[in-house]
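1. Using only what follows, build the 3D model:
(chains A and B)
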Protein chains: 2
Amino acid sequence: MTLTQVKDLSRHVGETVTIAGWLQNRRSKGKIHFLQIRDGSGVVQAIMGKQDVSEATFASCDNLPYEASLSVEGSVRADTRAPGGVELLVQRVTIHQVPSEEYRISKQEHGPDFLLSNRHLWLRSRKPHAILRVRDAVITAIRRFFDDRGFVCLDAPIFTPAACEGTTNLFEVQYFEEKCYLTQSGQLYMEAGAMAFGKVYCFGPTFRAEKSKTRRHLTEFWMVEPEVAYATLDDIMNLAEDFLCAIVKHVLEHRRPELETLERDLSKLERIQKPFPRMSYSEAAAFLQSRGLPFEVGNDFGAPDEAAISGAHDCPVMVHRYPAGVKAFYMKQDPADPRFALCVDVLAPEGVGEIIGGGQREDDLKTLENRIDEHKLSREPFEWYLDLRRYGTVPHAGFGLGLERTVAWICGTEHVRECIPFPRMLHRMYP
Amino acid sequence: MTLTQVKDLSRHVGETVTIAGWLQNRRSKGKIHFLQIRDGSGVVQAIMGKQDVSEATFASCDNLPYEASLSVEGSVRADTRAPGGVELLVQRVTIHQVPSEEYRISKQEHGPDFLLSNRHLWLRSRKPHAILRVRDAVITAIRRFFDDRGFVCLDAPIFTPAACEGTTNLFEVQYFEEKCYLTQSGQLYMEAGAMAFGKVYCFGPTFRAEKSKTRRHLTEFWMVEPEVAYATLDDIMNLAEDFLCAIVKHVLEHRRPELETLERDLSKLERIQKPFPRMSYSEAAAFLQSRGLPFEVGNDFGAPDEAAISGAHDCPVMVHRYPAGVKAFYMKQDPADPRFALCVDVLAPEGVGEIIGGGQREDDLKTLENRIDEHKLSREPFEWYLDLRRYGTVPHAGFGLGLERTVAWICGTEHVRECIPFPRMLHRMYP
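-> Now for the predicted structure:
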């Protein structure tokens, strides 16, 4: 039996097709049942007239509960008032299962804890379904952007012997007789990759053992990290700008109905065009102080600071040249003023805050060794990394983009936990 | 300064361009230096005539060591004898770094331990470079195949509370005050996804704490797992067949030079066309016995058995309906003979063995509960999974494909450790 997907029904007007899915909603009016059937690709209304089917078939749908699984054979009729522009006139129905218990997720409001504990079912609801289809499109946009520009996908390892920036926020794993850690960034490995392939990226899960319970934190999230040999801070800022524009454009082209389901203000996304505003850390700090925010120059920005900076613009804001002291050891210092690092954070608008962090890497062996010492890190686990400065070191730069924060921004979703299929948080490991 | 990539040089014949890369090889003949420069996208020969550059420039390249980093400005000349069809006539050179130590990876043979310990540099060599570019193309082919067919990418979680099939081979993680495990399959989550989106896949790292040191095992490897609602074993076998054909076709189209570098017999890949041979477990067992192999009916196949079966065919072989006892609890039993499971393993040719495992899932609640009990598993961690059978259960099926084994097969590489950028094995965590 060949199944037709609901999303393709408009190409089959006048034909008889079979769809298979689940009952999402139902109402009856005299001798007609109106069955809303979802199959994962879309939702269609199936109209069952008492005179068009057997008595038993009609009766089987009298009290059919939500989430019953069923296949429907019927003819496709164009109807401009229907969502998707079509409806199905039922000829035959096969009911696969009538749930014996009432479906747990009702049309009424549920609290987030209940919904997250039922994530395996909640995925079927309109909003999570729309968000995760946007996420899927963002992933595709990311892959295509780098593919089209000749980047090689080079997966970074998950098991790492040493920490990029200290072990405080790392998850420890018993690795046979040893200990190891779950990666919090693939960057160092991508630097090795850039020296071999010129332009690389990794795109995989990363981990932070942070006890934060903010709306911006997950213990497990996906990050994409491009790294480019012979690139400077400016190059990587241009890349980040093109990258974000490409992602938003792709989502607007391929997920407009989902964004409408989410009641997203599309005009805000349509305004995402380069050039993005660029400002130095010092300019941003002055801006915060001019707004009367209690910001102390020299510190990193907090969430309210980021919100204030990005809130003043329609497009993502690129803040560059932070004080070297608040940034990681591998950041290259600005030759024009070594108190600052050649780095950039991209802050998404509407108060979302940082979605990209990156910059130019220190490429001089001696300077890098000193920086490792200054950060009180052991040199030994970084010997392989230092080799990259021993054998043909070149200027290079890259960045990391957090997938779920980006999806949250594009969807206009408050909390990143809704932007990953099965969120992992401080007290959340199930399902 | 705009850089041109070596792979694009043939589009710039007659023009003056700048490339930036590393010295891969060098020879001199009287008043000419021949510099082989790699930039990650390709290798080009740069020809430097003593009369065309300053004396200092010419002298700087007299003893330039391997892996020195340099930019070269020059005019592109077509030369059919050159690899890539072009060479570069040098006008100007900027040397970024002359390594002070001799490059560790020489042209002579090195043992695998030395090379793996220097993986961060070894990536620059011809063979790893070619294999990982094939891997990149396989990843693209996988993503595009599922995108084109309307699958939604739905990442499975890495942190999992319970084990799919026992905890013996699981890595344990200290998750704040609790313990959790690293995923060894996203399948159960994909089943939840299939009920919400119809067709889904996940593609991420998976983990096995196996102490195996065979050429087919890694502790960390990438797996892609599609799952389809309303699909049967036959549907999923057809999907696997189309999938493997699409991957091989994409690689042949986009990575032919890399396969030639690897001295891969392309005719063997060109022969990968559907239909693939299909045989039941019982037929495969009879075949092994007819060949005199010491195979005991009822057992799972070992590596030599798989090699014998797949070695008899040009195409991957699909072996279906294994004894239910050797397969996981969630496999649906064959209604025609419940001693067997509705499952399939796809064995790649040339002795590579299993690259795909999958099948139809048990969709009946009672049967599944009994199977969990029979496997002496606790029901409680599977309650959410059982919900999928309570609320609109439908026939469904899926499979998992191991990325590195697939890359090993396509590249004709002996060991999977060469098919991932930074392999993790029993005694290998560095770099």
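2. Shouldn't residue A:59 be within a helix?
-> Yes: assessed by DSSP: H, G, I helix; E, B strand; the rest coil, residue A:59 belongs to a helix.
3. Which pLDDT does the model give it?
-> pLDDT recorded at residue A:59 is 95.
4. Now do it against residue B:108, distance only.
-> 82 Å (CB to CB, to the nearest Å). For every residue, glycine as well, the C-beta is placed using N, CA and C.
5. Compare these two and say which is more crowded by neighbours.
-> It is residue A:59, of residue A:59 and residue B:108, that has more neighbours when counted by other CB atoms under 10 Å in any protein chain shown, with 11 against 5.
6. Name the nearest residue to residue A:250, sequence neighbours excluded.
-> residue A:141 (3.6 Å; CB to CB, 6 or more residues apart in numbering or on different chains).
7. The one you found: neighbour count?
-> There are 22 residues near residue A:141, going by other CB under 10 Å.
8. now do residue A:273
-> 12.
9. and what of residue A:399?
-> The tally of other residues near residue A:399 (other CB under 10 Å) stands at 24.
10. ok so, going back, my read is that the residue nearest to residue A:250 contacts residue A:247, right?
-> Yes: the criterion here is CB atoms under 8 Å, and residue A:141 meets it with residue A:247 at 4.5 Å.
11. I figured residue A:327 hits residue A:342, correct?
-> No: if you go by CB under 8 Å, residue A:327 and residue A:342 don't touch, sitting 9.6 Å apart.
12. how about residue A:18, secondary structure?
-> strand.
13. quick one, what contacts the residue nearest to residue A:220 when sequence neighbours are not counted?
-> The shortest distance from residue A:220 to any non-neighbouring residue, by CB to CB, 6+ apart, is to residue A:424 (4.2 Å). Residues near residue A:424 by CB atoms under 8 Å, 6 or more residues apart in numbering or on different chains: A:218, A:219, A:220, B:157, B:158, B:159.
14. out of these, which one sits closest to residue B:290?
-> Of all the contacts of residue A:424, residue B:158 has the smallest distance to residue B:290: 44.1 Å, by CB to CB.
15. what's the spacing between the helix or strand where residue A:319 lies and its chain's center?
-> Under the criterion of DSSP states H and E, residue A:319 resides in strand A:317-320. The chain centroid and the centroid of strand A:317-320 are separated by 21 Å under CA atoms, centre = their mean, to the nearest Å.
16. Quick check: neighbours of it in the sheet, parallel or antiparallel?
-> Strand A:317-320 pairs in its sheet with strand A:278-280 (parallel), strand A:343-348 (antiparallel), by DSSP bridges.
17. Go ahead and confirm residue A:75 touches residue A:14.
-> Yes: the criterion here is CB under 8 Å, and residue A:75 meets it with residue A:14 at 7.1 Å.
18. Compare those two (neighbour count), which wins?
-> Legend: neighbour count by other CB under 10 Å for residue A:75 and residue A:14, higher for residue A:75 (15 against 8).
19. three-state assignment of that one?
-> Taken by three-state DSSP, the conformation at residue A:75 corresponds to strand.
20. likewise residue A:147?
-> Three-state assignment for residue A:147 (three-state DSSP): helix.
21. Please apply the same query to residue A:56.
-> helix.
22. about what we covered before: what's the most distant pair in the contacts of residue A:424?
-> Using CB to CB, the pair of the contacts of residue A:424 lying farthest apart is A:218 and B:158, separated by 11.3 Å.
23. Now do the end-to-end distance for stretch A:179-191.
-> 24 Å (CA to CA, to the nearest Å).
24. how close does the closest residue to residue A:214 other than its chain neighbours get to chain B?
-> The shortest distance from residue A:214 to any non-neighbouring residue, by CB to CB, 6+ apart, is to residue A:303 (7.2 Å). Separation of residue A:303 from chain B (CB to the nearest CB, to the nearest Å) stands at 22 Å.
25. List the residues that contact residue A:303.
-> Residue A:303 touches A:214, A:216, A:353, counting by CB under 8 Å, 6+ apart.
26. Now do the buried residues in stretch A:46-61.
-> Across stretch A:46-61, burial judged by 16 or more other CB atoms under 10 Å in any protein chain shown covers A:46, A:47, A:48, A:52, A:53, A:57, A:58, A:60, A:61.
27. To what extent is the closest residue to the fifth one other than its chain neighbours buried, counted in neighbours?
-> Nearest in space to residue A:53, with sequence neighbours left out and distances taken as CB to CB, 6+ apart, is residue A:90 at 6.3 Å. Around residue A:90 sit 23 other residues, with neighbours defined as other CB under 10 Å.
28. do residue A:11 as well
-> Neighbours of residue A:11 (other CB under 10 Å): 11.
29. May I have the phi/psi pair for the residue of the stretch 151-300 of chain A found nearest chain B?
-> Proximity of the stretch 151-300 of chain A to chain B (CB to the nearest CB) peaks at residue A:198, 2.7 Å away. Backbone torsions of residue A:198, given as degrees, to the nearest 10, read phi 80, psi -60.
30. wait, doesn't residue A:47 sit right on residue A:87?
-> Yes: if you go by CB under 8 Å, residue A:47 and residue A:87 touch, sitting 5.9 Å apart.
31. Next to chain B, which bits of the stretch 201-350 of chain A? Give me the list.
-> A:204, A:205, A:207, A:209, A:211, A:219, A:220, A:222, A:229, A:230 (CB under 8 Å from any CB of the partner chain).
32. hmm, 6 Å instead?
-> The stretch 201-350 of chain A comes close to chain B at residues A:205, A:220, A:230, as judged by CB under 6 Å from any CB of the partner chain.
33. The first one is in contact with residue B:157, isn't it?
-> Right, the one you point to is residue A:205. No: counting by CB atoms under 6 Å, residue A:205 does not reach residue B:157; the two are 8.5 Å apart.
34. how about residue A:95, secondary structure?
-> Assignment for residue A:95 (three-state DSSP): strand.
35. Roughly how far does it sit from residue A:47?
-> Applying CB to CB to residue A:95 and residue A:47 gives a distance of 17 Å.
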